[in-house]
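# Sequence first, then the predicted structure, then my questions.
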Amino acid sequence: MGLGSEFHLRVRWLPGARFEQGGLIYDAVYEEAGTDPQADAICDERVRSIVFNLLRQHEHRLEYLNIARVP
């Protein structure tokens with residue numbers, strides 16, 4: 001991944017979205033947020049904003065987008 005050894009095993013992948021038939025579909029865990037404490041713990045609304053903004057800026061040039069947090 002190009003990360004230094006100090007980050008090894010510390011990367012926490014966040015739920016994101018996928019592109020299907022020209023549309024954006026957010027991970028189902030976002031629908032569970034607010035009613036499921038486990039979903040609340042892993043959902044980050046900033047990820048939704050990042051995905052939405054990047055898609056808007058780059059439109060059809062995105063094939064995939066992975067977002068992670070390093071605590």
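Good, I have the coordinates. Numbers count the residues shown, from 1 in each chain.

# Strands of the chain, residue ranges please.
12-13, 17-20, 23-26, 68-69 (DSSP state E).

# Look at residue 1 and report its pLDDT.
With respect to pLDDT, residue 1 scores 56.

# re earlier: could you dump the strands of the chain into CSV with mean pLDDT, mean neighbour count and distance to residue 33 added?
Where you see a C-beta, it was placed from the backbone N, CA and C, and this is true even at glycine. Formatted as CSV, the strands of the chain follow (pLDDT from 0 to 100; neighbours: other CB atoms under 10 Å; distance: least, CB to CB, whole Å):
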stretch, mean pLDDT, mean neighbour count, distance to residue 33
strand 12-13, 84, 10, 16
strand 17-20, 80, 14, 14
strand 23-26, 82, 12, 10
strand 68-69, 85, 14, 16
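
# Put together TSV for those, with distance to residue 32 on each row.
Conversion of these to TSV gives the following (distance: least, CB to CB, whole Å):
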stretch	distance to residue 32
strand 12-13	17
strand 17-20	15
strand 23-26	11
strand 68-69	19
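
# biggest helix in this protein, by residue count?
Across the chain, the longest stretch assigned as helix under DSSP state H is helix 45-58.

# other SSEs contacting that one?
strand 23-26 (3 or more CB pairs under 8 Å, 6 or more residues apart in numbering; DSSP states H and E).

# next one: the strand it packs on to chain centre, how far?
The chain centre lies 11 Å from the centre of strand 23-26; the measure is CA atoms, centre = their mean, to the nearest Å.

# any residues touching that strand, and which ones?
Contacts to strand 23-26, defined as CB atoms under 8 Å, 6 or more residues apart in numbering, come from residues 15-19, 48, 51-52, 55.

# quick one, phi psi at the residue nearest the centre of the chain?
Among the residues of the chain, the one closest to the centroid is residue 16, at 2.7 Å (CA atoms, centre = their mean). With angles defined as degrees, to the nearest 10, residue 16 sits at phi -130, psi -120.

# Isn't it up against residue 64?
No - using CB atoms under 8 Å, residue 16 makes no contact with residue 64, being 9.1 Å away.

# wait, which of the strands of the chain is closest to residue 41?
Closest to residue 41 of these is strand 12-13 (CB to CB; 10.7 Å).
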